[in-house]
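In: With the input below, show me the fold.
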Amino acid sequence: MPVSIQIQITACVTKIVAAEPASVLDVGCGFGKWGYLCREYLDAFNGRWRPEDWTTRIDGIEFFEPYILDHQRALYSNITIGDIRDLCKTCDEYDVIIAGDVIEHMHKDEAEEVVETLYAKARKLLIVNIPLGKGWDHPAQYGNPAELHRSEWYKEDFDGYAIESETYRLPAGIDYGSFYCAKDMEPDVRVAGFGNAALFYGKQGDTTNALRYLERAQRVEAQPLESTLLLVDTMIQLGKVEMAQERLQWAIGKLPENGMLRVFLAKLLHARGQKDEAVRALQEAAALDNLDADIQQEIDGIMAAWGLA
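Out: Presented below is the predicted three-dimensional model:
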């Protein structure tokens with residue numbers, strides 16, 4: 001249907017106004033709730049109540065054209081009819097992007113790519129409002145095939161995007177969430193968030209989703225050392241030891257003078273039975289200049305344990 005619940009409105013409007021956007025994109029604009037609220041609180045509330053005085057660009061994207069009536073066209077600057085899976089790749093950047101009750105209508109892998117692209121296109125803030133967990137079965141209706149719920153989402157799905165969020169328990173005993181994905185998240189926080197999502201799905205035996213989040217974590221740029229080690233540890237916990245080894249080797253290529261990475265790799269290789277490679281990695285660590293005293297002590301202890309001292 002072209003409408004959604006109201007429980008998150010106050011919190012979302014507060015975040016939107018605080019961002020002071022000059023431009024807003026409403027993905028899946030439907031009946032136009034967010035267009036109306038943004039127009040009221042970004043323009044009319046500031047004295048610009050006549051359309052000729054509006055200064056905020058408020059655009060909408062809607063899959064199902066019959067949902068668009070005269071009032072939406074009056075409130076939005078532009079409305080594009082189409083599939084966000086395609087349109088997100090070429091749409092403009094906006095200060096704030098709202099994706100309300102949208103991504104659950106896509107298959108999970110497609111929706112994750114949409115979220116990642118919208119996050120990149122949002123200059124300040126991406127807001128995702130979405131049903132959470134089970135109990136949200138929703139068929140295609142009103143002649144709109146996009147009404148069907150095709151994927152299931154949990155709070156952990158957004159740990160790599162949102163530091164702030166609100167979850168709501170509805171009277172029917174089902175959950176709903178609002179996720180405020182700000183663009184100032186540090187890379188280590190994003191990596192840890194994606195790793196947490198991978199562990200969440202791994203514990204449920206959902207290898208497909210776990211792997212997707214591990215791969216997404218690896219695509220975060222400018223990862224600090226601690227994030228790399230955390231990600232490697234997550235991979236090992238999920239039994240993806242070969243992936244962990246490849247990630248360590250990648251990190252050593254970026255930080256060739258880091259002894260900790262080489263020690264970590266040596267221990268991993270040894271645990272996998274690749275003893276010659278493990279010894280070589282440890283010797284390369286020992287040969288580095290200006291090793292931290294704690295790392296040197298660890299290398300000495302491993303060499304003694306392996307009979308290399």
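In: where exactly do the strands run in the stretch 201-309 of the chain?
Out: Using DSSP state E, counting those that start in this stretch, no strands are assigned anywhere in the stretch 201-309 of the chain.
In: worst-scoring helix or strand of the chain, pLDDT-wise?
Out: When the helices and strands of the chain are scored by mean pLDDT, DSSP states H and E, helix 225-237 comes last with a mean of 89.
In: residue ranges for the strands of the stretch 51-200 of the chain, please.
Out: Under DSSP E, counting those that start in this stretch, the stretch 51-200 of the chain gives strands at 57-62, 78-81, 94-100, 122-132, 164-169, 175-182.
In: Need the pLDDT of the closest residue to Ile81 other than its chain neighbours.
Out: In space, and not counting its chain neighbours, Ile81 is closest to Glu65: 4.7 Å by C-beta to C-beta, 6 or more residues apart in numbering. (Glycine included, C-beta is placed from N, CA and C.) pLDDT, Glu65: 95.
In: how far away is the spatially closest residue to Lys89 that is not a sequence neighbour from Thr90?
Out: Among residues not flanking Lys89 along the chain, Thr117 sits closest, at 6.4 Å (C-beta to C-beta, 6+ apart). Relative to Thr90, Thr117 is positioned 10 Å away (C-beta to C-beta, to the nearest Å).
In: higher neighbour count, those two?
Out: Thr117 (18 against 8; other C-beta atoms under 10 Å).
In: how much space between the more buried one and Arg85?
Out: Going from Thr117 to Arg85 by C-beta to C-beta gives 9 Å.
In: Ranking the strands of the stretch 51-200 of the chain by mean neighbour count, which comes first?
Out: Using mean count of other C-beta atoms under 10 Å, the stretch among the strands of the stretch 51-200 of the chain with the largest mean neighbour count is strand 94-100, at a mean of 25.
In: so what does that strand touch, helix or strand wise?
Out: Under the contact criterion of 3 or more C-beta pairs under 8 Å, 6 or more residues apart in numbering; DSSP states H and E, strand 94-100 touches helix 9-19, strand 23-27, helix 33-42, helix 108-121, strand 122-132.
In: buried residues in the third one?
Out: Spelled out, that is helix 33-42. Within helix 33-42, the residues that count as buried by 16 or more other C-beta atoms under 10 Å are Lys33, Trp34, Gly35, Tyr36, Leu37, Cys38, Arg39, Leu42.
In: ok, Val114 - how many residues close by?
Out: Using other C-beta under 10 Å: Val114 sits among 21 other residues.
In: hang on, the earlier thing: what's the burial count for the residue nearest to Ile81?
Out: Glu65 has 10 nearby residues by other C-beta under 10 Å.
In: Tell me how the chain divides into domains.
Out: The chain is divided into the following domains under automatic domain parsing: 9-185, 199-305.
In: what's the closest of those domains to Ala192?
Out: Nearest to Ala192 among those is domain 199-305; the distance by C-beta to C-beta comes to 5.9 Å.
In: For the least confident helix or strand of the chain, enumerate the helices and strands it packs against.
Out: Counting by 3+ C-beta pairs under 8 Å, 6+ apart, helix 225-237 packs on helix 187-203, helix 207-218, helix 241-254, helix 259-271.
In: Quick one: mean pLDDT for the last one?
Out: Averaged across helix 259-271, pLDDT comes to 93.
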